[in-house]
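> following is a predicted model, sequence given first.
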Amino acid sequence: MKRQLFRKFAVLGMALMMAATVLVGCGSKSSEAEGAAEIASVEEVAEMVADDTPEVLGVTKESEALYFQKGVYVNYVKEAEEPSKTYFYVFSEDTYGHTDDGVSDMGLPFDCTQEEGKVLFYFGSSTEEPEVFVVTGSENGFVYGYFEGVEDREMVFEPVADADPAEFRAINYISDGDYVYEDANGWSVKYNPKLFEVNKQDNMVSFVYLGESAGTNMIIVTYDVNKNGKEVRDECLSEWGEATQSSEGPFPGAEEETGYWAVCPPAANGSGLYMTSMSRDYMGGSLTFEVIGHNSGNDELDIAVSDELVAIIDSLTFIEY
């Protein structure tokens, strides 16, 4: 094998040397014609080498043993009459990823090596002994087989169409109600995906209400490394005007932490705009939940909107590492 690979590199090297010679001597028409012929032969040689050895020219050919591609697969027992389809393998690439349980919202990272007829999964760490999945068949993206030691339990890996492994969450995929938003800064909330649009930019996340309402109704969450909770609250007091009320109390989802509140009620003859800011000291800075809403004067409509905004705040939890 080494000799064969050396031969292919040698052929490629000769071809490149021939091309260089042609480029140096291109003074006459006859030499130009000869050069064109030589260049054509170089291209043919390069093509031949590329076809025979993809690695030489950086050409990657798909391996016949590659069963799993980048994407998401739901995993279940083949013989189950009504499989629950709540357990997923999320392949960030075809060599690694993580599992995702839609019921427990837990998972394990894994590395994997795909070989002819089997896939080796290294759960937790690549230094662990692999769990070997023996492939018995694959068709239309589906992969069938069993894990060694449980040969009588044939499994199915079914691809989840159009699932983005970077954004996929099993608990949301199987949900027929609220979704969970989990932030990289260590907090999470639940929200109704039919009523809210989630937008993220840097250390700011917004939950914008999409239902019937008067004006803009949204929650903006900001992590600020430069200010503590009290400083954020005091800025609101200064910017929102004399009607703004100030208080301190337990922070939602972390009652042991002090929350710094600023509340600006709607003006009597205004647009119905109201604002509430809740800040706490967090990770060397501050975390702030700011509610921006508009009252329409229709109590039934306004209460419905308010309830949805409050539900997000009430669902706030913090991840303990």
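Received it, and whenever you're ready, just let me know what you need. Residues are numbered from 1 along each chain as shown.
> in this structure, what helix or strand scores lowest on average pLDDT?
Lowest mean confidence among the helices and strands of the chain (mean pLDDT, DSSP states H and E): helix 2-24, at a mean of 36.
> check contacts around the residue nearest to G211 when sequence neighbours are not counted.
In space, not counting the residues next to it along the chain, G211 is nearest to L195; the distance is 5.0 Å by CB to CB, 6 or more residues apart in numbering. Every C-beta, even on glycine, is put in place using the N, C-alpha and C of the backbone. The contact partners of L195, by CB atoms under 8 Å, 6 or more residues apart in numbering, come to Y209, L210, G211, E308.
> need the strands for the stretch 1-150 of the chain, in chain order.
71-77, 87-93, 96-101, 109-115, 118-123, 131-139, 142-147 (DSSP state E, counting those that start in this stretch).
> mind listing what the nearest residue to M204 once chain neighbours are set aside touches?
The spatial neighbour of M204 that comes closest, neighbours along the chain excluded (CB to CB, 6+ apart), is T222 at 5.0 Å. T222 sits next to N203, M204, L287, T288, E290 when contact means CB under 8 Å, 6+ apart.
> give me the phi and psi angles of the third one.
If I follow you right, that is L287. The phi/psi pair for L287 (degrees, to the nearest 10) reads phi -120, psi 130.
> that one pairs with what?
Y223, R280 (DSSP bridges).
> quick check: it vs I303, distance?
Distance, L287 to I303, using CB to CB, to the nearest Å: 27 Å.
> the second one now?
Shown here: M204 relative to I303, a distance of 28 Å by CB to CB.
> equivalent analysis for the fourth one, please.
The gap separating T288 from I303 is 25 Å, by CB to CB.
> out of the two, which sits in the busier spot?
T288 (25 against 11; other CB atoms under 10 Å).
> what sits against the residue lying closest to that one once chain neighbours are set aside?
Closest residue to T288 apart from its sequence neighbours, by CB to CB, 6+ apart: S279 at 4.3 Å. Counting by CB under 8 Å, 6+ apart, S279 makes contact with G229, K230, V232, R233, G259, Y260, W261, S286, L287, T288, F289.
> mind putting the contacts of T222 in TSV, pLDDT and distance to E154 included?
Listed next are these as TSV, based on pLDDT from 0 to 100; distance: CB to CB, whole Å:
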residue	pLDDT	distance to E154
N203	93	47
M204	97	47
L287	98	48
T288	98	52
E290	98	52
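> list buried residues within those residues.
L287, T288, E290 (16 or more other CB atoms under 10 Å).
> so which of those is the closest to P109?
Ranked by distance to P109 (CB to CB), those are led by L287 at 27.1 Å.
> quick one on the thing from earlier: how close does the residue nearest to G211 get to N172?
For L195, the distance to N172 - CB to CB - is 15 Å.
> what residues are up against W240?
A262, C264, M275.
> helix, strand or coil for E239?
Three-state assignment for E239 (DSSP: H, G, I helix; E, B strand; the rest coil): helix.
> and for it, the neighbour number?
Using other CB under 10 Å: E239 sits among 11 other residues.
> one more: E81?
So E81, with other CB under 10 Å, has 5 neighbours.
> same check on N295?
22.
> and it, what does it touch?
A214, P266, G272, Y274, D302.
> okay if I get the residues you listed as TSV plus distance to I319, neighbour count and pLDDT?
Formatted as TSV, those follow (distance: CB to CB, whole Å; neighbours: other CB atoms under 10 Å; pLDDT from 0 to 100):
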residue	distance to I319	neighbour count	pLDDT
A214	35	17	87
P266	35	17	91
G272	36	15	92
Y274	30	18	96
D302	33	19	94
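> what residues are up against V198?
Y181, Y191, V205, S206, F207, V208.
> tell me the two of those that are most distant?
Pairwise over those, using CB to CB, the maximum falls at Y181 and V208, 12.7 Å.
> thanks a lot, see you next time.
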